[in-house]
Structures are given as structure tokens and as C-alpha cells.
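Colleague: Prediction below, plus the sequence it came from.
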Protein chains: 2
Amino acid sequence: MKKKSKLSKSERQNKFLELIKEDPFLTDEALCKLFNVSIQTIRLDRLELGIPELRERIKGVAEKNYDKVRSIVGTEIVGELVDLTLGKSGISILETTNDLAFSKTKIVRGHHIFSQAESLAMAVIDADVALTGVSNIKYLHPVNSGDKLIAKAEVVRVRENKHFVHVKINANQIQVFRGKFILVSLEK
Amino acid sequence: MKKKSKLSKSERQNKFLELIKEDPFLTDEALCKLFNVSIQTIRLDRLELGIPELRERIKGVAEKNYDKVRSIVGTEIVGELVDLTLGKSGISILETTNDLAFSKTKIVRGHHIFSQAESLAMAVIDADVALTGVSNIKYLHPVNSGDKLIAKAEVVRVRENKHFVHVKINANQIQVFRGKFILVSLEK
DNA sequence: CTTATTTTTAGTATTAGGTACTAAATATAA
DNA sequence: TTATATTTAGTACCTAATACTAAAAATAAG
């Protein structure tokens, strides 16, 4: 017989855990074909292993990552992209408001400035899943709520999957921020 | 009458788009209650607006982000975590192999070393969604395939949602890498 | 070899959250 | 008032399950 002899229960369940970890999008039906057992067996296994059903798994993945990815990868870049040469340079403008500032001092919180810089750096990279900024940053000047931030990014070097991007941000003609980003694209 | 007068079709559909963008996890039933219309109306709206059903939306969110988040947040850390004091420090060990190195020189590619450092930095942070490394890194010495990398991370400061972490990596008693990470946790 | 026990399979009813369709009721505009 | 647009009602069907009962098959124990 060319078919592999059936796995024992424990062997199957071990593989099951691995499989589902690798790919949580497998239906019971797909699994029962993979293991060459009935769908009921698969369901018993899930019950014993405490693995939730497909839809719950998908929902889990979605929920866990929804907010994260929206804020990190968040294709929507912080600020308005006004110029872009993919792989080379880009410019974005961010009109700051009180929402972005400390309520007392009206000074814009640093991480918003950083976000503008980082998201611009990501935008100029000619790679879909570029991420994980590594950078050397400096806040040169406080930014007041209402200031218009103009960020300029330039790709200075690309080596393998590493993209070196420099970003400078100005407000009222003075530089308020600089950052050197090394973005690593993760796609194959 | 205390109930708000029903919205017009176009008003409703505009709100619909907003709502679903904000929260793609809404069922038709929830939506029809929100708008105070029948479920059929909601379904007609989705049809006209090209909004897929709940499950497809969830699946979309999950699929789009699964690989990304896995590689970024990737709870699985690069290297083996051998010691961890959440929020304070941690140690991980990475046994390098030819897979991680340039085939000619057998020198380990920098980004693998970086990955070990970054993932350790993330692991020590006492926050679920810590991310977006900002860092100042230096590769001090080439690492040869086969070398055992020992990474030590230390949280040096936490301010608001920023976590400052220093990571040093040694191979054969000599330091090969240092990195300063500023991880920003994004949860509320 | 024959029980006993474990493991697997079969089958039915029920669920959520829909699609796809037909037809009727209600609003709004001409 | 009629024409058109919009909303509701209702039905059959779908997927990927749960929860359950019962029987068949495989494996272990005596």
C-alpha cells in the first residue's frame, strides 16, 4: 500500500498542534483529509487539545492583531503624503493639533513626531512589509501644537533587505527632529 | 417621539462605511439595531457598498496581518530564552548555523544578530504589544557560523509607553553587538 | 482466542451568520 | 395620483461548526 500507515492518536495530536500553530486557517475538513481520518476524530482531537474551531481561531488572530497592525504597519501614514518617489525619497506634512500635545504645555508629544517620521520612512521603502525600525533619533526642538511639520525622507542605502532612511522634520523653517531608520523588509 | 428620525439612505450608508472601518467585527444584526432598520436593509447596503460579510471581514483582517505580526511581534523569540525577569532583564542564547551565514565567508548575517537582540528586548518588556524598535546599534565584531551568541538585555528606563532597553551580545567571551532599543508599547 | 477498553466513525439535530432570491409594503418624488 | 425608490418579510440554502447518541473497529489485557 502506498498510503502511509495511520498515525497513532498521540502522534496525530502532536502534529495537529504543530499544524494549527503554523496555519490556524485550516478547517476540520481539510485536517481530516490531511490525517486521513474522519471529521469526528478531528473534532474529538480539538476537544481534547482545547483547540477552538476555525472561526474562533481566525477571530482570535484578527482581534489580537487588529489594533497593533493598524497602529504600526497602518498603511495610512501619519501626516499627509505630498511627494513620493518609491525607493528614493518622500515628503509628508502633519498639521499638529491639541490632540497630539500635552494639555498643559501644548507641546506636541514626541512619539507623534516619531510616528510621522517612521511612517514616512516606511512609505518610501519599495517593499510591502518593511518594518521594525531601527534608528538613531534626536528631537532637536520642541514643537508647539498648531505647528505644521514637514518631514523629508531619503533612502541613503539599500543592502539586502535593509533599507537605510534618513528623515528630517522641520517646523517653521527650523529643524525639530532627525532620525536614521534601518527598515528591514521581511518578505521572501 | 424620543427616537431620532431615521437617517436617509445615503446618510446611513456613509455612517455604515465609517462604522465598519472602525469596527469590522459588527454583525448585520448589531448593525440593524444600531440603525434601527431591518436586517435586509443592512444586507442591501452591504451589497451596494461592496462590504463583505462579517466572517470575510474578520478573515481579511486576520490574513492581512497574520504573517506580518508573526514576524514582528512574533511571540516566538529568536534564540532560546534562558532567563527572564519581566520588565527588568533577560538572557537568550542563539546557536548560529550556516543557514544564518553567508555561504562563502560563513559570517553570520547581521540581521539575525539584530533579530535576536530585538526579540529579546521585546520579550523583557512587560507589555503585550510593545513594538516599533528605535535603536542605536553597533556590530562590533563579525560572528562566525557555529558561534553561540549570548544576548543580555536590560531595561534601563520606562517613561510613559516608552521602554528603553540595552542589549549586548557576546560570542566566545567577546562582545559582538550592542543595541539600544526604545520600544513603544501601544496599548491603552 | 476472547473479552475489555480505547479509539474511531456514522448519523442526527441544532446553531450563527450569513447568501440569494421573490414578493409585498411603505416612502418619496413627479 | 401615479411612478419610482426604498424598506421589509419570508423562504430555501450554505458553511463550519457544537452537542449528542450509538455503533464499528482497533488495540490491549486476560
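Modeller: That came in fine, so what should we check first?

Colleague: Which positions in chain A make contact with DNA strand D?
Modeller: Residues of chain A found near DNA strand D (CB under 7 Å from any atom of the strand) are A:6, A:27-29, A:40, A:43, A:46, A:52-55. For glycine as for every other residue, the C-beta is placed from the backbone atoms N, C-alpha and C.

Colleague: Any quick PyMOL command for the buried ones out of those?
Modeller: Listed next is the PyMOL selection for buried residues among the residues of chain A next to DNA strand D, using 16 or more other CB atoms under 10 Å in any protein chain shown:
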select buried, chain A and resi 28+46+54
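
Colleague: In helices only, show me the residues of chain A next to DNA strand D.
Modeller: Assigned to helices by DSSP state H, the following of the residues of chain A next to DNA strand D qualify: A:28-29, A:40, A:43, A:46, A:54-55.

Colleague: before we move on, back to that, go through the residues of chain A next to DNA strand D and name the one with the lowest pLDDT.
Modeller: Minimum pLDDT across these is recorded for A:K6, with 68.

Colleague: so which of the residues of chain A next to DNA strand D would you say is closest to B:V78?
Modeller: Checking the residues of chain A next to DNA strand D against B:V78 by CB to CB gives A:P52 as the nearest, at 27.9 Å.

Colleague: I figured that closest one was touching A:G60, is that so?
Modeller: Yes - between A:P52 and A:G60 there is a contact under CB atoms under 8 Å: 7.3 Å.

Colleague: returning to what we had before: what's the closest of the ones in helices among the residues of chain A next to DNA strand D to DNA strand D?
Modeller: Using CB to the nearest atom of the strand, A:L54 is the member of those that lies nearest DNA strand D, at 2.4 Å.

Colleague: ok, that closest one - contacts?
Modeller: A:24-28 (CB atoms under 8 Å, 6 or more residues apart in numbering or on different chains).

Colleague: Please work out which residues outside stretch A:97-115 touch it.
Modeller: Contacts of stretch A:97-115 (CB under 8 Å, 6+ apart): A:78, A:94, A:96, A:137, A:139, A:142-147, A:149, A:169, A:176-177, A:179, B:134, B:161-162, B:184.

Colleague: Could you rerun that using 6 Å?
Modeller: Stretch A:97-115 is contacted from outside by A:78, A:96, A:139, A:142-145, A:177, using CB atoms under 6 Å, 6 or more residues apart in numbering or on different chains.

Colleague: Quick one: mean pLDDT over that stretch.
Modeller: The model assigns stretch A:97-115 a mean pLDDT of 77.

Colleague: quick check: mean pLDDT across the strand or helix carrying A:V167?
Modeller: Taking DSSP states H and E as the criterion, A:V167 maps to strand A:162-171. Averaging pLDDT along strand A:162-171 gives 91.
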